[in-house]
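> Curious how this folds, go ahead:
(3 chains)
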Amino acid sequence: MTAAAPVAPSADEVVKATTKVSKDQRGASWRVHLSLIVLMIVWLVPTIGLFVNSFRPAQAVASTGWWNGLLPPWNLSLDNYAHVLSTAGIGDAFVNSLFISIPATIIPIFVAAFAAYAFSWMNFPGRNILFVVVVGLLVVPLQTTLIPILILYAGWGINGQFLAVWLAHTGYGLPFAIYLLRNFMGSLPREVFESAAIDGASPVTAFFRLAIPMSVPALAALAIFQFLFVWNDLLVAITYIGFTNPENLPLTGVIANLINSLGGGWQFLAAAAFISMALPLVVFFSLQRYFVRGIVGGSVKG
Amino acid sequence: MTRWQRFGAPSLALVLLLAACSNGGNTSASPTTGGGGASGSQPAGGGGGDLKGQTVTVIGAYGGDEEAAFHQMVKPWEDATGATMKYTGTRDLNAVLTTGTASGVLPDIAGLPGPGQLQEFATGGSLKPLDDVLDVATYKDETAPALVQLGTVNDQTYGVFIKAAVKGLMWYNPSVVNYGDSVPATYDDLKAALQSNASKAKGQWCLGIESGAASGWPGTDWIEDFVLRQSGADVYNQWWQGKVMWTSPEIKQAFQAYLDVVKNSLGGATTVAATAFQNAGDPLFDSPPGCQLLHQASFITGLGAFKDKKAGTDYDFFPFPDINSQFAGAVEGAGDIFGMFHDTPAAKSLMKYLVTADAQKIWVGIGGALSANKNVTDYPDDIAKRSAELLANAKIFVFDASDLMPAAVSGAFNTAILNVTQDPSKLDSELANLDQVTKDAAG
Amino acid sequence: MDPRLLTAIVVVVGVPAVLVGYIWGTEQALKLLPERAKPRVRPWLWLTPAFGFLGLFLVYPTIGTIIRSFQNKTGTEFTGLDNYAWFFGNSAALSALKNNVIWIVLLTVLTVGLGLLIAILVDRVRYESFAKSVIFVPLAISMVAAAVIWRFMYYYVTPPQPQIGTLNALSTPVGIGPFDYIHIPNFSVATIALVVIMAWMWTGFAMVILSAGLKGINTELLEAARVDGANEWQVFKGIVFPLLLPTIAVVATTIIITALKTFDIVYATNNGAYDTEVIASLMYKEMFQFSNFSRASAIAVILLLAIIPIMLFNVRRFQAQEAIR
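I've put the predicted structure just below:
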């Protein structure tokens, strides 16, 4: 998701996007409703299939389609969830995913906010070129960095620990984070910062009292993006934590392992996959308001 | 890879499983009988007290039922020593070990992808030699020389086999066509028999080559069996060593024979490519039957529908028939090779335990495995016993060629199988490509 | 203390404290400097953490990768362009390249096309935010979970047994299929099946941004056109689409970069078998399966070179935007 680059919001646009409530008043034709509802069904069916299968017994999942689970006789139970939570280590993995995702979201946001603030409101030589270089780093394919970093980590002795993943995700997430925040902070009204400086506020004060509160939509959007990216990441986790340290593996690593080890146990995989989706869905739905606000801005600009 | 001896040469000494079948005990080919029985294999209980609470990390490719069986195999060691084994299964063993070598975070013990990788890790210095860990004399005495040789690098033992398999068995359901009545002596006889029994099942063969990232390998087993029996062990060994070209007539005719099998398989190429190897043989037990025969290694009895069927009554096997009488009696085997990355006391103790007959007979008893240890004699059923016998009495023994090829070549071999299965017209270009990949991998 | 509890405390309290502490500390340190030097030193202190991370995790490995791509397998000597020659002479690499082209074209067309369509449709209904959420949700799902989800969609059973995969169960009764979508290399069917999974995930992303772009268009302009007798299609073609073009460009470049870097879904399903190999998965294989870091590096550099023009396009657009600010 770090590839999801240049979608930069700016403050005025966010205001525009959120205050604009006018809906096309002429009402929609039945054709619009029909196409939209068909599309929504198409988009929902795969997930519903997984959801239904996660409650069905092995025999049923292997021999009949998931839609049979909706027909009587209902033979649904929480057994698959109980099984993966108790024996497959999904419960521990869930906690690990949290331990990994929270700092790996917080750290890059702070670091990016410092840099974005400097890029926006401080003058120094080479500012624009450096910024372009930072954004340009979005092109680096993650896979190329794995081995050099592994060797580096080996020297520090942190392979297999959460710290290794926190630092790596910070590095990988920064180009997008700086880009997003710089564009948002840069579009905040100049006068606010000027008058603060005249009042004798230090840059640190201005940063924490003005820039951060005013940038909440962008920060929230970034937080969601980075959280989803880290939570859903497999490659970084299995490389720096590794299958050698199964007790530290996040959900994705454990599920990837289950795909291997269960062979035919797709009903368990369905349950495990749904557990892994639950938190991102909650995060997304609860912060969705900010998300759309924070992400939309810049791209709108003609 | 050239360091390995050409163990494929016909040899009476190459006996894998001593007296696997005879209750008479250790009387056959092994020159020394050692202590016999279980005396050479110390159950790990001895001196185990000091390992209490220690942990050994193990990584392997086992998942599902195999993982459960492996745990059962290790359980007595855990009980005796008080140590615990922490096992993780992964489908991407190569990647885990490569990153592990770079990061320095390696498991204590690993099931290795094959003897080729054992060689790499041993020469790279990350594997620990086992000569001081195992009672080498006993180990060599109890294990087939061919397997001992595969685990040896620079005259030191780095890898040991914890189980073995015999490849290329022909499985059938006696209630469909009872091939047990008159086992086809040659491959031509077999083809004739398949023809004359054609009405008894929908297809002649059951075949499935889907296996996730390793899709294609069941087809490579077919090619290997054909090469071995059409052209002999010498060509076979030169082939995996890269000395016989893929485009040479010997290899090409093996591919052609395989494509003929695909043509006569249940559902044709589409089904072959789509079917998971574990379930490929399930139509044997369908009603009406889907096919007459399944070609698969001895471990199939622990997988798919075989797991719940009764050996001998529901299913049975006969060995891959000879093709060229000049090379009669050849058998291909395979096995799971383990190495040690950290020589902690607990890891050493576990390695020592894994090679013993006491350990290996556990998995054998569960089913789907043959022992690499000659002293394991109590096979659970006649089928397992006979497949062990087959390995033990092999006139010519070769190891799975794709496990011996460099990883890049064996990966390309799998891909080539997938491609020609679905489009036989690509055969020549695929073989030419394999020659290229082989050349690349060597350089 | 339970190590997990300790970790939790570090996670929730320690990490933010260190970060805030750093910036506060720099300001204290700056007090030691003369007044005139402060503005010159301060930006670099604020940038140091970011540059540290970027240098370590992205710049340093990239430089190493570029150097390694000109060396032999063991990295002991320079072999010029050998690894690049290998790439362009190797059938597996070329088919990975071909598949990436399929990815770029198809994924972009699907996500931008469907995203635009949905954005226009939702603009007219009262349940807009609900509809948007439904389309957006797959982006919150991991590739690993998506692989499981789509297995139930694509699943194939050898006839005449009843089909249990959603698509085949729907299409077989009307005489289409059944097909074993993700195991058919011919005509890149398997690759296309994987692109569809990604399109399912990324259409929501395209839709959200395009929808915001749509809302930025002045409605009076549209009304005026309608009053003048233009029908909806003419309004779209004549006004909406041209005004939306820059937004579409941003979405498209983002999707193209995503398509070029595609890895997870390939790895989680066929891992390159059945002609689904892409550049990133090939690189992963060379590196981790075949331990040929030099070839993997060459592949990475090729991927890098392929992305740079697209990135430059985006950066140029950004600078144009800066200029009018």
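
> And the nearest residue to residue B:226 once chain neighbours are set aside, its phi and psi?
Leaving aside its sequence neighbours, residue B:226 sits nearest to residue B:254 (Cβ to Cβ, 6 or more residues apart in numbering or on different chains; 3.7 Å). Every C-beta, even on glycine, is put in place using the N, C-alpha and C of the backbone. Residue B:254 adopts backbone torsions of phi -70, psi -40, taken as degrees, to the nearest 10.

> ok, residue B:254 to residue B:427 distance?
With distances taken as Cβ to Cβ, to the nearest Å, residue B:254 is found 11 Å from residue B:427.

> These two: which has the busier surroundings?
Neighbour comparison, residue B:254 and residue B:427: the larger count goes to residue B:254, with 24 against 18 (by other Cβ atoms under 10 Å in any protein chain shown).

> from what I can see that one touches residue B:227, true?
Yes: Residue B:254 lies in contact with residue B:227 (Cβ atoms under 8 Å); the separation is 4.6 Å.

> Tell me the residues on the stretch 201-350 of chain B that lie near chain A, please.
Within reach of chain A by Cβ under 8 Å from any Cβ of the partner chain, the stretch 201-350 of chain B has these residues: B:212, B:278.

> contacting residues for residue C:90?
Residue C:90 makes contact with B:436-437, B:440 under the criterion Cβ atoms under 8 Å, 6 or more residues apart in numbering or on different chains.

> likewise residue A:29?
Here residue A:29 is in contact with no residue (Cβ under 8 Å, 6+ apart).

> ok, for the residue in the stretch 301-443 of chain B positioned nearest to chain A, nearest residue in space, not its chain neighbours?
Of all residues in the stretch 301-443 of chain B, residue B:303 sits closest to chain A, at 8.2 Å by Cβ to the nearest Cβ. Nearest residue to residue B:303, sequence neighbours excluded (Cβ to Cβ, 6+ apart): residue B:278, at 4.4 Å.

> Am I right that that neighbour sits in a strand?
No: going by DSSP: H, G, I helix; E, B strand; the rest coil, the assignment for residue B:278 is helix, not a strand.

> I'd assumed residue B:306 was in contact with it.
No: applying Cβ under 8 Å, one finds residue B:278 not in contact with residue B:306, separated by 9.1 Å.

> which residues are in contact with both of the two?
Common contact partners of residue B:278 and residue B:306 (Cβ under 8 Å, 6+ apart): residue B:300.

> Now do the same for residue A:73: helix, strand or coil?
What three-state DSSP gives for residue A:73 is coil.

> Got phi/psi on it?
Here is the backbone geometry of residue A:73 (degrees, to the nearest 10): phi -80, psi 130.

> repeat for residue B:322
Note on residue B:322: backbone dihedrals following degrees, to the nearest 10 are phi -70, psi 150.

> for residue B:329, same thing?
According to degrees, to the nearest 10, residue B:329 has phi 80, psi 20.

> Quick one: residues contacting it.
By Cβ under 8 Å, 6+ apart, the contact list for residue B:329 reads B:322, B:394-396.

> The residue in the stretch 251-400 of chain B that chain C sits nearest to and chain A, how far apart?
Relative to chain C, the nearest point of the stretch 251-400 of chain B is residue B:274 (3.9 Å; Cβ to the nearest Cβ). Taking Cβ to the nearest Cβ, to the nearest Å as the measure, residue B:274 falls 15 Å from chain A.

> Disregarding flanking residues, what is the spatial nearest neighbour of that residue?
Distance criterion Cβ to Cβ, 6+ apart; nearest residue to residue B:274, sequence neighbours excluded, is residue C:180 at 3.9 Å.

> circling back: adding distance to chain A, write the contacts of residue C:90 out as a markdown table.
Compiled in a markdown table, those are given as follows (distance: Cβ to the nearest Cβ, whole Å):
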| residue | distance to chain A |
| --- | --- |
| B:436 | 24 |
| B:437 | 21 |
| B:440 | 20 |
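
> one step back: what's the distance between the residue nearest to residue B:226 and residue B:236?
10 Å.

> which residues do the two both contact?
Common contacts of residue B:254 and residue B:236, defined by Cβ under 8 Å, 6+ apart, comprise residue B:227.

> ok, back up a step: any idea of the pLDDT on the residue nearest to residue B:226?
Per-residue confidence (pLDDT) for residue B:254: 95.

> Residue C:238 now?
What the model reports as pLDDT for residue C:238 is 86.

> hang on, isn't it packed against residue C:225?
Yes: the pair residue C:238 / residue C:225 is scored as a contact, 7.0 Å apart, by Cβ under 8 Å.

> Show me the longest helix that occurs in chain B.
helix B:217-240 (DSSP state H).

> returning to that earlier point: if you count surrounding residues, which of residue C:238 and residue C:225 has more?
Neighbours of residue C:238 and residue C:225, each counted by other Cβ under 10 Å, are more numerous for residue C:225; the result is 17 against 12.

> if we can go back for a sec, tell me which of residue B:278 and residue B:306 has more neighbours.
Higher neighbour count among residue B:278 and residue B:306: residue B:306, with 26 against 23, using other Cβ under 10 Å.

> Skip the chain neighbours and tell me the closest residue to that one.
In this structure, residue B:306 finds its nearest non-sequential neighbour in residue B:300, 5.5 Å apart by Cβ to Cβ, 6+ apart.

> what about residue 267, neighbour count?
Because you didn't say which chain, this covers chain A. Number of residues near residue A:267 (other Cβ under 10 Å) recorded here: 23.

> that's the wrong chain, I meant chain C
Neighbours of residue C:267 (other Cβ under 10 Å): 25.
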